[in-house]
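>>> only the shape, not the letters, is given here:
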């Protein structure tokens with residue numbers, strides 16, 4: 001009887017030991033999230049990414065760990081942050097813009113990288129093609145160059161007498177040169193003149209608006225840039241002070257008082273990025289996952305701002321808006 005009890009006890013101990021080893025061997029995946037803008041400035045996208053993970057069964061702190069890294073608007077910090085994430089040996093790096101993807105790719109050629117909203121990943125050299133990325137980068141493109149002409153068209157619709165458009169961009173942002181080329185072609189169709197103003201840092205913002213005013217600009221168009229995220233309020237306030245109609249690449253500018261925006265749904269892109277993370281964690285190679293393009297676009301108009309600068313938005317434009325701020 002004692003021998004039987006000892007055998008049972010030994011069996012239980014062995015079983016518990018195997019169970020403990022199995023639990024220890026079950027690795028919790030670690031994902032790095034890299035952004036130049038502060039997490040608070042990118043809160044909507046961050047929350048959308050979390051939501052996408054939850055929809056796929058991932059709960060932060062429970063069955064997935066996310067290493068958040070933000071440069072807080074200081075672009076010079078992103079390379080060090082990317083290197084820090086790579087050194088942690090995490091499973092996937094998620095980037096919230098083109099400059100972050102470049103930094104992540106420079107930091108590692110082996111850790112999979114998921115883009116959430118890169119302007120032109122092919123021209124930037126991140127992927128070989130959208131359908132066959134190759135390498136360790138995949139994710140989503142926001143197709144910014146292809147919609148810049150549409151933004152010009154919308155400006156012309158809300159202000160038929162507009163002639164000169166000041167374009168505020170960042171020459172270091174991949175894809176913006178394509179955007180400018182497209183806008184120049186569209187400007188010829190709409191009878192518009194473009195004034196290209198380079199914003200490389202927050203110090204250039206006031207200078208750009210001063211140059212636009214001196215050149216008698218009729219409106220402002222702001223191109224995508226990671227460095228703009230933490231200075232949206234300043235850009236919006238200067239546009240209001242100048243009483244210039246403005247169109248932006250992100251609805252957050254409009255929520256702060258900008259006139260209008262036309263863009264892909266960035267929150268949708270961030271939510272969809274979670275599907276790439278899921279596939280890679282389950283064994284898919286990033287080079288085999290085609291880069292996706294936006295499926296949702298949105299136009300946001302601020303009627304309060306329109307009234308403030310003495311502009312009447314045509315009913316046919318208002319009718320097409322996805323959201324109107326009153």
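Nice, thanks for sending it over. Computed from a predicted model, the values in this text were never measured in an experiment. Residues are numbered from 1 along each chain as shown.
>>> distance between stretch 134-145 and the chain's centre?
11 Å (Cα atoms, centre = their mean, to the nearest Å).
>>> one more: stretch 59-78?
14 Å.
>>> list the buried residues in that stretch.
Neighbour-count burial for stretch 59-78, counted by 16 or more other Cβ atoms under 10 Å, picks out 64, 66, 69-71, 73, 75, 78. All C-beta atoms are positioned from the backbone trio N, CA, C, and that covers glycine.
>>> how far does it stretch from one end to the other?
Start to finish, the residues bounding stretch 59-78 are 27 Å apart (Cα to Cα, to the nearest Å).
>>> quick one: contacts of that stretch?
For stretch 59-78, the external contacting residues (Cβ atoms under 8 Å, 6 or more residues apart in numbering) are 28-39, 41-42, 46, 50, 53, 57-58, 81-82, 84-85, 88, 90, 99-100, 103, 202, 226-227, 229-231.
>>> now stretch 201-216
Stretch 201-216 is contacted from outside by 73, 164, 166, 168, 195, 197-199, 220, 227, 231, 234-235, 238-239, 242, 244, using Cβ under 8 Å, 6+ apart.
>>> which of the residues you listed count as buried?
73, 166, 168, 195, 197, 199, 220, 227, 231, 235, 238-239, 242, 244.
>>> so which of the residues you listed belong to strands?
Taking DSSP state E as the definition of strands, those contribute 166, 168, 195, 197, 220.
>>> hang on, the earlier thing: now the buried ones among the contacts of stretch 201-216 in TSV, with pLDDT?
Output for those, formatted as TSV (pLDDT from 0 to 100):
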residue	pLDDT
73	79
166	96
168	93
195	96
197	94
199	84
220	96
227	67
231	82
235	93
238	95
239	95
242	93
244	94
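>>> closest to residue 253 among these?
The nearest member of the buried ones among the contacts of stretch 201-216 to residue 253, counting by Cβ to Cβ, is residue 235 at 7.0 Å.
>>> show me what contacts the closest one?
168, 205, 222, 228, 253, 258.
>>> residue 138 now?
With Cβ under 8 Å, 6+ apart, residue 138 has these contacts: 112-115, 127, 276, 286-287, 289-291.
>>> would you list the phi and psi of it?
phi -160, psi -170 (degrees, to the nearest 10).
>>> quick check, pLDDT for it.
Looking at residue 138, its pLDDT reads 98.
>>> distance check, it against residue 31.
The gap separating residue 138 from residue 31 is 15 Å, by Cβ to Cβ, to the nearest Å.
>>> residue 213 too?
Note on residue 213: its distance to residue 31, by Cβ to Cβ, is 45 Å.
>>> return the set of buried residues in the strand or helix carrying residue 116.
Following DSSP states H and E, one finds residue 116 within strand 113-118. Neighbour-count burial for strand 113-118, counted by 16+ other Cβ under 10 Å, picks out 113-118.
>>> farthest pair within these?
Greatest spatial distance among the buried residues of strand 113-118 (Cβ to Cβ): 113 and 117, at 13.2 Å.
>>> ok, the buried ones among the contacts of stretch 201-216 vs residue 324, which is closest?
Among those, and counting by Cβ to Cβ, the member closest to residue 324 is residue 239, at 18.7 Å.
>>> can you pull out the helices in this protein?
Remark: helices assigned in the chain by DSSP state H are 2-25, 43-55, 78-87, 98-107, 144-158, 176-190, 204-214, 232-241, 251-255, 266-281, 303-308, 315-318.
>>> kindly reformat the ones you listed as TSV containing distance to residue 132.
TSV is the format used below for the helices of the chain (distance: least, Cβ to Cβ, whole Å):
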stretch	distance to residue 132
helix 2-25	34
helix 43-55	24
helix 78-87	24
helix 98-107	17
helix 144-158	20
helix 176-190	21
helix 204-214	38
helix 232-241	36
helix 251-255	33
helix 266-281	15
helix 303-308	44
helix 315-318	40
